[in-house]
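Visitor: Sequence first, predicted coordinates after that:
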Amino acid sequence: MEDLVLAGDVDVGDVIVLPDADEPVLVSRVRLGQGGLIFTVAPATGDSPEQDRPVKLTTKVRLHSRARDLDS
């Protein structure tokens, strides 16, 4: 499944592709920031929590949704 979604529709456990990126990332945290959202993401293929990084996006950014991790 690959759909276009708004950043405001993303939740923990979603696998998305960020703008200007080729590889999907797994969203582990979503919080409000000034002017948008802050996602904590890690490569969808990795299991290492030290690869987590914050990404700031406005709620109107369109993302490619790849899947939802139902185990989260």
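Guide: Sure thing, it's come through. Fair warning: this is a prediction, and the values are worked out from it, not measured in the lab. Residues are numbered from 1 along each chain as shown.
Visitor: Just want the most central residue of this protein.
Guide: For the chain, the residue sitting closest to the mean C-alpha position, by CA atoms, centre = their mean, is residue 27 at 4.2 Å.
Visitor: Just the pLDDT at that one, thanks.
Guide: Looking at residue 27, its pLDDT stands at 94.
Visitor: hang on, it packs against residue 10?
Guide: Yes. Contact status for residue 27 versus residue 10: in contact at 5.8 Å, counting by CB atoms under 8 Å. Backbone N, C-alpha and C define where each C-beta goes, glycine included.
Visitor: rewinding a little: now do the same for the residue nearest to the centre of the chain: helix, strand or coil?
Guide: Under the three-state scheme (DSSP: H, G, I helix; E, B strand; the rest coil), residue 27 adopts strand.
Visitor: what residue ranges in the protein score low on pLDDT?
Guide: Within the chain, the set of residues satisfying pLDDT under 70 comprises 1-2, 47-49, 69-72.
Visitor: 50 - rerun?
Guide: Low-confidence segments of the chain (pLDDT under 50): 72.
Visitor: ranges for the helices of it?
Guide: Remark: no helices are assigned in the chain by DSSP state H.
Visitor: hmm, what's the outermost residue in it?
Guide: Among the C-alpha atoms of the chain, the one most distant from their mean position (CA atoms, centre = their mean) is that of residue 34, at 17.6 Å.
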